[in-house]
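# only geometry, no sequence info:
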């Protein structure tokens, strides 16, 4: 895919990932999801390895739920 398609997909994916968190009505969660989605998108564009992104997301989720559990 050419670079414009990569960039368009990156932006769209980041916005969708952050957007689905809108239903939480928690602005910090929405912003965190946008930042995390942007990071994982860049990680994928850099390495082209979806497995790496999945492992990174899983480790982050496990860490964040252990350190800041939802009450």
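Ah, there it is. The structure presented is a predicted model; accordingly, all values stated were derived computationally and were not measured.
# I'd like to know which helix or strand in this protein has the lowest mean pLDDT.
When the helices and strands of the chain are compared on mean pLDDT, DSSP states H and E, helix 3-19 comes out lowest with a mean of 88.
# what does that helix contact?
Surrounding helix 3-19, the residues in contact under the criterion CB atoms under 8 Å, 6 or more residues apart in numbering are 1, 30, 31, 33, 34, 36, 37, 38, 40, 41, 42, 45. C-beta here means a position set from N, CA and C on the backbone, and glycine is covered the same way.
# Any idea how many residues pack against the residue nearest to the third one when sequence neighbours are not counted?
So the one you mean is residue 31. Taking CB to CB, 6 or more residues apart in numbering, and ignoring the residues beside it in sequence, residue 31 has residue 18 as its nearest neighbour in space, at 7.8 Å. One way to gauge burial is a neighbour count; for residue 18, by other CB atoms under 10 Å, it gives 19.
# so what's residue 20 closest to, chain neighbours aside?
Residue 20 sits nearest to residue 33 (CB to CB, 6+ apart), 7.7 Å away.
# I'd like the distance between that neighbour and residue 56.
Going from residue 33 to residue 56 by CB to CB, to the nearest Å gives 14 Å.
# all helices in the chain, in order from the N-terminus.
In chain order, the chain shows helices spanning 3-19, 27-47, 50-67, with DSSP state H as the criterion.
# Most tightly packed of these?
Counting by mean count of other CB atoms under 10 Å, helix 27-47 has the highest mean neighbour count of the helices of the chain, with a mean of 15.
# Any idea how far it is from the middle of the chain?
3 Å (CA atoms, centre = their mean, to the nearest Å).
# Then stretch 16-32?
Taking the mean C-alpha point of stretch 16-32 and that of its whole chain, the gap between them comes to 11 Å (CA atoms, centre = their mean).
# Show the end-to-end separation of that stretch, please.
Using CA to CA, to the nearest Å, the end-to-end distance of stretch 16-32 comes to 13 Å.
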